[in-house]
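Colleague: Give the three-dimensional model of this entry:
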Amino acid sequence: MAALQNFGAPTLFETLVPAEKLPTKLLQSLAVVVVGSLLLTVSAKFEIPLQPVPFTFQTLVVLALGVVFGPALGLATVLAYLAQGAMGLPVFAGTPEKGIGLAYMVGPTGGYLIGFAVAAYVTGWLARAKWDRNMVTMALAMVIGNMVIYAFGVLHLSSLIGYDKAIEFGLRPFIMFDIIKVAAAAIIIPSLWKMFSGKPSEAKD
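Modeller: Take a look at the predicted model:
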């Protein structure tokens, strides 16, 4: 994980939280992963019950965690969340009412869950390239992250209900919501950089 984290520009988290030596750094990373997975759980429980895939705030949280934490720590956070769900904890949207564990994960939302992990890494990597420092590139990073999630989600959903229905029910209803999320992240994240570093575009690598 360290090798993946130590490239490119520092993330917002690394800028705000001083680097620690082992084993303190490991404990710090573990605490971050736990807190991040809890945020994902909370975001999953605020949902609009669309069918077959409910609308939640998870995509915003997933992509933001990748941007703020970086690729490796963001990925680790999402994987920890998925592991909790695989073990049967009711961390996903609609659980335990719609099932739990691996049975739930191979259902309609399964592809989106896999996409979460990939998207967190991708947006973290873009943050390393300083895409999170201004509104335009931050918005682009969010759009790319959403496209990754949609790609995995629609591909899996189409295997269950067909491509046309997957687009109709698993993509189109969420576009407007995701535009709002993109706009929110594009305003908030660069503003945090400006607040805490003064001149985010001139932040040191």
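Colleague: didn't Phe55 look like it was pressed against Glu47?
Modeller: Yes - with contact defined as C-beta atoms under 8 Å, Phe55 counts as touching Glu47 (6.2 Å). The C-beta positions use only the backbone N, C-alpha and C, and glycine is treated the same way.
Colleague: Is the residue nearest the centre of the chain in a helix, a strand, or coil?
Modeller: The centre of the chain sits closest to Val62, judged by C-alpha atoms, centre = their mean, with a distance of 1.5 Å. Judged by DSSP: H, G, I helix; E, B strand; the rest coil, the three-state class of Val62 is helix.
Colleague: I'd like to know how far the spatially closest residue to Phe55 that is not a sequence neighbour sits from Ile179.
Modeller: Spatial nearest neighbour of Phe55, chain neighbours left out: Ile48 (4.1 Å); criterion: C-beta to C-beta, 6 or more residues apart in numbering. Look at Ile48 and Ile179: by C-beta to C-beta, to the nearest Å, they are 15 Å apart.
Colleague: In this protein, where is pLDDT below threshold?
Modeller: Applying pLDDT under 70 to the chain flags the ranges 1-7, 20-23, 49-54, 198-205.
Colleague: ok, 90 please
Modeller: 1-8, 14-28, 45-57, 93-100, 169-170, 172-174, 176-177, 195-205 (pLDDT under 90).
Colleague: For it, give the helix that spans the most residues.
Modeller: Counting residues, the longest helix found in the chain (DSSP state H) is helix 135-161.
Colleague: need the next SSE after that one, C-terminal direction.
Modeller: Using DSSP states H and E, the helix or strand that follows helix 135-161 in sequence is helix 163-170.
Colleague: moving C-terminal of that following helix, what's the next helix or strand?
Modeller: Per DSSP H and E, the first helix or strand lying C-terminal to helix 163-170 is helix 175-197.
Colleague: Good, wrapping up.
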